[in-house]
Each structure stands twice: as structure tokens, then as C-alpha cells.
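Asks: Sequence and predicted model, in that order:
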Amino acid sequence: MMKKSILGIKFKSINYDEVVQSVILWAKQKEIRQIFAANVHMVMTAYDDPEFQNIVNDADIVTSDGMPLVWALRLKGFHDQERVYGPTLMLKVLEAASKEQIPVGFYGGKPEVLESLITKMKDRFPSLHVAYSFSPPFRALTAGEDQEISSQILASGVRILFVGLGCPKQERWIAEHKETINSVMLGVGAAFDFHAGTIHQAPSWMQKLGLEWFFRLTQEPARLWKRYVFTNPRFIFLLIRELFMEKMG
């Protein structure tokens, strides 16, 4: 399938149904796969870090999580490109996994967030089989701890593992464990907090207009102001330059 590059990150033209179908198929076949939901922050992090760019491009699927990326892909020739938003994708995969009785797991988030998330997801999908969940400490794990966690995930029988550590930590974690954890792993960012109800999502009209960043900034200004004040203008400038260079041939 043809790919288009945005500042070095390669995207396929793909929609929710295609991603969900791939995840379920891979899970049933007990394959190890990586799926990342890319937004402007991820693209710019990868632009500044070639090693991280390789990690992202090594994933089996990279979705266009943010509307600016959707618009960029449409300008580059994927005229029917849709947004494949991590939190929404997570719900769609959970629904399909519930119907197919595929065991899922959650790695990341604070203990209270994880507890609320699992309760709400089981209420929403009564047949959902949550085989594993773990809230890692806010520090680097020792080699022994990491090995023990990997062993626990394998022993649980999880076939789809949602990882909510934030970018770029979750993508690095997934890449580091692609040889040891036999699951389809999805990096879903703030989806744990959104679905647990600890952080509010932007209204759909703001998401469609590409203003979700502004809504999130008002929710978490101390944590996010640097990302949006410096990252977004750089992205716009670099993307315009890239589009111009491509047009010039």
C-alpha cells in the first residue's frame, strides 16, 4: 500500500474499520504488532530525534490521530483520508475484542485512573475480558522489574495490549518489548484518562476544526503550553516548506 510522508513519518491511507479488522486478525493469529496514533507532537518529536523517527516508522500502522495530519495527507494525495483518533480507535477495538472474546490488557496510567477505566469499559462492553492491567511507577523500571512485568503479561494471555504512557514514552516502551510481549500493542496516549473521566475531551466541533490542542491547553496549561506554543508553529512552517518543495519537484 502506498505511503505518504509528513516530515519523515510515513502514513498509509487507512480508516477505523481497516485498523480494527487488522488488530482482530493479528490478535487471533497471535502476532506481535505495533500501532501508533500520531499527532503533531509525535511528528515533531520524531523530526527532532532520528532514532525515535525510526521507531515510529517501524510500526505496522501509524494512524493520522490529529486533524492537521489529516489535512496534510489530503493535500499530499490521500483525498479521502479520515481521522483515526487514538481514544476512538481504542473504543472500537475494545468493542470488537469483546464480541470476539479476545483478552485485552492495559499498561499505564495512575492506579485510580486504571481502576476507573476498567470499570467503565466493562460497564460499556459487558463481555469484555480484561486479563491484565498495571500502573507502572513514575520512574525507570529495573531490569528485574521489567522482566517480571513482561512475564506477567505473557502469562495473562493478553492478545491486545493498550499502552497509555504518553508520547514518546509509550512508543519507546512498545518498541523495546516487541520481541518479548506476544501481543498487538497500541499506543493510545491520553485515552486512559479520557475514558476514565479524569480529563475531558474536546467537543466534537473543536476536534473537527483542529482546535483540540486549544481545549487541552486550557485543561492542562502548565504541562502543555510549551508543546503547543513552540511545536505547532514549527510544524506549520516545516509542512508548508515540505509541500512547496514537493510541488516544485
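Replies: On my side now, so go ahead.
Asks: Verify the assumption that Gln53 is located in a helix.
Replies: Yes. Under DSSP: H, G, I helix; E, B strand; the rest coil, Gln53 falls within a helix.
Asks: What about it, how many residues nearby?
Replies: Around Gln53 there are 19 other residues, counting by other CB atoms under 10 Å. Placement of C-beta: from N, CA and C, glycine included.
Asks: Report the distance from the longest helix along the chain to the chain centre.
Replies: Ranked by residue count and defined by DSSP state H, the top helix of the chain is helix 232-248. The chain centroid and the centroid of helix 232-248 are separated by 24 Å under CA atoms, centre = their mean, to the nearest Å.
Asks: Flag every buried residue along it.
Replies: Asn232, Phe235, Leu238, Leu239, Glu242 (16 or more other CB atoms under 10 Å).
Asks: Break down the chain into its strands, ranges please.
Replies: Under the criterion DSSP state E, the chain contains strands at 3-6, 9-12, 33-38, 61-64, 104-108, 130-134, 160-164, 184-187.
Asks: tell me the most buried of those strands?
Replies: strand 184-187 (a mean of 29; mean count of other CB atoms under 10 Å).
Asks: Which neighbouring elements make contact with it?
Replies: With contacts defined as 3 or more CB pairs under 8 Å, 6 or more residues apart in numbering; DSSP states H and E, the packing partners of strand 184-187 are helix 16-28, strand 33-38, helix 86-100, strand 160-164, helix 169-176.
Asks: Between the ones you listed, which one is closest to Ser204.
Replies: Across the helices and strands packed on strand 184-187, Ser204 has its closest neighbour in helix 86-100 (10.4 Å, CB to CB).
Asks: who touches the closest one?
Replies: Residues outside helix 86-100 that contact it (CB atoms under 8 Å, 6 or more residues apart in numbering) are 16, 19-20, 23-24, 27-28, 37, 63, 65, 102-104, 121, 124-129, 159-160, 162, 186-191, 194-195, 201.
Asks: want to throw the helices and strands packed on strand 184-187 into TSV with mean pLDDT?
Replies: Below are those laid out as TSV (pLDDT from 0 to 100):
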stretch	mean pLDDT
helix 16-28	98
strand 33-38	98
helix 86-100	98
strand 160-164	98
helix 169-176	97
